[in-house]
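Chemist: sequence isn't available, so here's the structure alone:
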């Protein structure tokens, strides 16, 4: 569990994966790739919002306790806005990108 997991809602991806003809191992592999994509998107979003001088502190907090929801509060205090909104927007975009890949791949 990571601090942003509660913001990831990929209902459309789940429905799509249930419809396609792949075995359980392949679905598991697809979900691993999706998790990696989500993780990279979350880190990119946060690091792009945070001032550069706060990057090390954020990464240190994340590595010590990646599940700690207080990370969001920390980031909010440093950026002066609600990072959850930015993460939700980026996760919505990512879900569309994943659906496009699954549909056209």
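Modeler: Here it is on my side, so go on. Everything numeric here is computed off the predicted structure, so don't read it as measured data.
Chemist: just name the shakiest helix or strand of this structure by mean pLDDT.
Modeler: helix 11-19 (a mean of 93; mean pLDDT, DSSP states H and E).
Chemist: any buried residues in that one, and which?
Modeler: 13, 17 (16 or more other Cβ atoms under 10 Å). Just so you know, the C-beta spots here come from the backbone N, C-alpha and C atoms, and that holds for glycine as well.
Chemist: sec struct for residue 55, please.
Modeler: The assignment at residue 55 comes out as helix when based on DSSP: H, G, I helix; E, B strand; the rest coil.
Chemist: buried residues in the lengthiest helix in the chain?
Modeler: Secondary structure of the chain read by DSSP state H shows that its longest helix is helix 24-49. For helix 24-49, a neighbour-count test (16+ other Cβ under 10 Å) marks 30, 34, 37, 38, 41, 42, 45, 46, 49 as buried.
Chemist: relative to helix 11-19, how tilted is it?
Modeler: 160 degrees (axes from the mean of the first three to the mean of the last three Cα atoms, to 10 degrees).
Chemist: next, the residue lying farthest from the centre of the chain: phi, psi?
Modeler: In terms of distance from the mean C-alpha position of the chain, residue 21 ranks first, at 25.8 Å (Cα atoms, centre = their mean). Here is the backbone geometry of residue 21 (degrees, to the nearest 10): phi -90, psi 80.
Chemist: let me see the confidence value for it.
Modeler: With respect to pLDDT, residue 21 scores 85.
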